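K.L.:
Next one to model:
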Amino acid sequence: MVTAIVLLTVTKNRINEAAEEIAAIKEISEVYSITGQHDLAAIVRAPDNDTLANVITAQVLKIDGVMKSETMFAFRVFSRHDLETMFSVGGE
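P.N.:
Model prediction:
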């Protein structure tokens, strides 16, 4: 599995619509609206680099309003959260 964080600059009148369209892409796990020089951050999880490249170039960058992207590959995850415990119902 390959994980990347994609920072996107989007035209101001299309931020919400672009975020919804990006979130609908199968390999996109989350899309955040963010502050700073970028408008959106998308988390991409793909089985390999070719799929990741296709998601970004053939899908994300073709969405109306997306003007620019910056992609960062994730090497390793560090988390204090046990996701299985966080999402279990009635767990102790």
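
K.L.:
Just the helices from this protein, written as ranges.
P.N.:
15-23, 49-54, 83-87 (DSSP state H).

K.L.:
Dump the ones you listed to TSV, plus mean neighbour count.
P.N.:
Using the backbone N, CA and C atoms, a C-beta is placed for each residue, glycine as well. Below are the helices of the chain laid out as TSV (neighbours: other Cβ atoms under 10 Å):
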stretch	mean neighbour count
helix 15-23	17
helix 49-54	14
helix 83-87	8
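
K.L.:
Specify the stretch among these that is closest to D64.
P.N.:
D64 sits nearest to helix 15-23 of all the helices of the chain, at 7.2 Å, using Cβ to Cβ.

K.L.:
Quick check: pLDDT value at the residue nearest the centre of the chain.
P.N.:
Centroid-nearest residue in the chain, with Cα atoms, centre = their mean: A42, separated by 1.8 Å. Each residue has a pLDDT score; the one for A42 is 98.

K.L.:
so what's it up against?
P.N.:
5-6, 8, 22-23, 28, 30-32, 60 (Cβ atoms under 8 Å, 6 or more residues apart in numbering).

K.L.:
What separation is there between it and N49?
P.N.:
17 Å (Cβ to Cβ, to the nearest Å).

K.L.:
show me where pLDDT drops low in the chain?
P.N.:
80-92 (pLDDT under 70).

K.L.:
just the strands in it please.
P.N.:
2-10, 28-33, 40-46, 66-73 (DSSP state E).

K.L.:
Looking at those, which is nearest to E17?
P.N.:
strand 2-10 (9.0 Å).

K.L.:
Not counting its own residues, what contacts that closest one?
P.N.:
So strand 2-10 is contacted by 18-19, 22, 34, 37-49, 51-52, 56, 60, 65-74, 77 (Cβ under 8 Å, 6+ apart).
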